[in-house]
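Undergrad: Predicted model, plus sequence, below.
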Amino acid sequence: MHGFEVRGGEGGAQSSSFFGGLSALLIVRSQFFLCGIQAEKTILSIYLVAPHQPSPNLTQNKPASTPNQSAAYVEVLGTMNLHQLNPQVLSSMLHANAKAPNPSPQFFDKAANYMMCLDNLNHFDRQAFANILWAYAKIGHPSPQLFDKVANHIVVHDNLNHFDPQAFANILWAYAKVAPLSPQLFNKVANHIVVHDNLNRYTPQELANILWAYAKVDNPSPQLFDKVANHMILLDNLRGFTPQALSNIVWASAKLAFYHDSLFEKIANHLCTEEHLLTTYNGQDFSMLMWAFSEANAEYPLLFEKITEQLLEFDNLNDFTTQSLCNIIGGLNKFTDPPQALMNKVLQTAQQRDEESGQLAMLCKALFPEESEICWISSCTGMCGRKHISDSAVLSILIQLRFERNYRQDGMCKMFVCIDMI
């Protein structure tokens with residue numbers, strides 16, 4: 001069961017059916033059940049991650065898992081003796097429990113306390129570390145002392161040659177999600193990848209997750225980012241990179257002020273030349289792309305035109321957060337003059353929401369970056385003498401002002417307003 005993982009799907013459904021006849025195992029409060037033969041360990045992992053679908057053969061369309069069974073399972077975890085588990089089994093149980101519908105925080109606390117009491121972590125391999133750290137991050141269960149201990153162990157004791165790309169990606173992702181800063185760990189991994197690793201071994205998602213993690217913890221590693229950028233530039237195409245992967249990569253690069261012109265150019269050309277590609281992007285993807293290109297001052301008119309066209313193709317922008325709209329419109333405003341239809345669409349989306357005045361002001365600033373007569377100072381007390389507006393009416397007023405300035409030639413008077421960002 002080293003690095004063991006059972007995924008849902010057809011096999012998961014069959015396993016769920018299988019549990020209809022073995023549900024009694026869940027209420028056996030026996031350490032033998034948890035620490036005994038390999039089959040029982042495997043059954044436990046299958047149960048935790050398999051979809052609990054009805055079993056026509058054994059349950060006659062009744063759920064295979066009941067609340068009482070789930071409660072019993074948590075109770076069993078609380079009474080088990082972790083010293084009888086080897087590290088690989090413990091890591092697989094934590095990994096599986098993190099995927100369960102109702103993970104057990106008590107079990108995670110108990111596992112962390114157990115590992116903290118160990119003299120060392122020499123018996124844990126790379127897959128065990130990756131599974132354990134990923135599991136804590138997945139359920140958002142911080143354990144700073146445990147993460148510190150693992151980081152120190154990897155930095156001081158371990159040769160990283162036996163870590164594979166997936167282990168690096170999962171470990172760094174976990175630290176970026178829930179752990180305190182571990183600069184020595186991040187520096188060691190970056191140096192290893194730069195000096196020793198062939199990036200052809202890495203999947204696009206692994207590369208994206210790694211760069212995202214460095215940006216998330218504000219740990220710049222120019223050599224690492226440069227190596228990844230050069231690797232991507234030399235690829236025949238970027239079709240293996242999902243929208244999320246590409247948006248994470250450009251976001252991470254811009255976040256750490258790593259502006260590789262050739263990389264941004266290749267990504268822009270990829271997005272422009274692959275037909276219907278932008279239809280697969282969601283609000284967050286567009287947001288991260290536009291923010292990154294804006295921060296990098298990377299001007300690609302054809303890309304921005306295609307993004308604008310795609311935004312107009314959507315029935316509405318209701319799935320876009322206010323922050324995403326700000327990043328998208330702010331980025332477009334930096335390089336182009338967004339069309340009236342898109343401005344109207346953003347306005348309609350904002351007016352349907354019950355946003356705080358600060359959120360509205362943020363969006364207005366993205367919509368109207370060149371309005372020098374508008375006071376954007378959040379600490380303004382009103383001494384400027386201009387009118388303060390703190391509700392959605394400010395959007396209507398400012399959008400009208402924008403249209404009067406950019407789309408009309410009749411010399412209409414302009415309004416002067418001050419936003420109170422309370």
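TA: That came in fine, so what should we check first?
Undergrad: How about exporting the helix or strand hosting residue 206 as PDB, limited to the C-alpha atoms?
TA: Using DSSP states H and E, residue 206 sits within helix 204-216. As requested, C-alpha coordinates have been extracted for helix 204-216 and formatted as PDB (Å, rounded to 0.1, in the frame of the first residue of the first chain):
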ATOM      1  CA  PRO A 204       2.100  21.000 -17.600                       C
ATOM      2  CA  GLN A 205       0.000  21.000 -14.400                       C
ATOM      3  CA  GLU A 206       2.900  20.100 -12.200                       C
ATOM      4  CA  LEU A 207       4.900  23.000 -13.700                       C
ATOM      5  CA  ALA A 208       2.000  25.300 -13.100                       C
ATOM      6  CA  ASN A 209       1.400  24.200  -9.600                       C
ATOM      7  CA  ILE A 210       5.100  24.600  -8.700                       C
ATOM      8  CA  LEU A 211       5.300  28.100 -10.100                       C
ATOM      9  CA  TRP A 212       2.000  29.000  -8.400                       C
ATOM     10  CA  ALA A 213       3.400  27.900  -5.100                       C
ATOM     11  CA  TYR A 214       6.500  30.000  -5.300                       C
ATOM     12  CA  ALA A 215       4.400  33.100  -6.200                       C
ATOM     13  CA  LYS A 216       1.900  32.400  -3.500                       C
END
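Undergrad: Output the contacting helices and strands for that helix.
TA: When contacts are defined as 3 or more CB pairs under 8 Å, 6 or more residues apart in numbering; DSSP states H and E, helix 204-216 sits against helix 165-178, helix 183-196, helix 222-234, helix 243-255. From N, CA and C alone the C-beta is placed, and that goes for glycine too.
Undergrad: Need the ones you listed in a markdown table (columns: mean neighbour count, mean pLDDT and distance to residue 336).
TA: A markdown table is the format used below for those (neighbours: other CB atoms under 10 Å; pLDDT from 0 to 100; distance: least, CB to CB, whole Å):
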| stretch | mean neighbour count | mean pLDDT | distance to residue 336 |
| --- | --- | --- | --- |
| helix 165-178 | 22 | 95 | 33 |
| helix 183-196 | 17 | 95 | 36 |
| helix 222-234 | 17 | 97 | 26 |
| helix 243-255 | 23 | 97 | 18 |
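Undergrad: Just send the ones you listed back as CSV, with distance to residue 148 too.
TA: As requested, the helices and strands packed on helix 204-216 are exported to CSV (distance: least, CB to CB, whole Å):
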stretch, distance to residue 148
helix 165-178, 10
helix 183-196, 10
helix 222-234, 23
helix 243-255, 24
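Undergrad: For residue 201, which non-adjacent residue is closest in space?
TA: With CB to CB, 6 or more residues apart in numbering as the measure, residue 165 is the residue that lies nearest to residue 201, at 5.5 Å, once sequence neighbours are left out.
Undergrad: Let me see the contact set for that neighbour.
TA: 197, 201, 202, 203, 206 (CB atoms under 8 Å, 6 or more residues apart in numbering).
Undergrad: circling back: residue 135: which of the helices and strands packed on helix 204-216 is closest?
TA: helix 165-178 (8.4 Å; CB to CB).
Undergrad: That closest one vs helix 204-216, what angle?
TA: Helix 165-178 and helix 204-216 meet at an angle of 30 degrees, taking axes from the mean of the first three to the mean of the last three CA atoms, to 10 degrees as the criterion.
Undergrad: Contact partners for residue 98?
TA: Counting by CB under 8 Å, 6+ apart, residue 98 makes contact with 134, 135, 136, 138, 139.
Undergrad: Go again with 6 Å.
TA: 135, 138, 139 (CB atoms under 6 Å, 6 or more residues apart in numbering).
Undergrad: re the thing from before, tell me the spacing between the residue nearest to residue 201 and residue 182.
TA: Residue 165 sits 19 Å away from residue 182, taking CB to CB, to the nearest Å as the criterion.
Undergrad: Likewise for residue 280?
TA: When CB to CB is applied, the distance between residue 280 and residue 182 equals 34 Å.
Undergrad: Can you pick out the residue with more neighbours from the two?
TA: Neighbours were tallied for residue 280 and for residue 182 using other CB atoms under 10 Å; the higher tally belongs to residue 182 (23 against 11).
Undergrad: Look up the pLDDT of the closest residue in space to that one that isn't next to it in sequence for me, please.
TA: Counting by CB to CB, 6+ apart, the nearest residue to residue 182 once its immediate chain neighbours are dropped is residue 151, at 4.2 Å. Per-residue confidence for residue 151 comes out at a pLDDT of 94.
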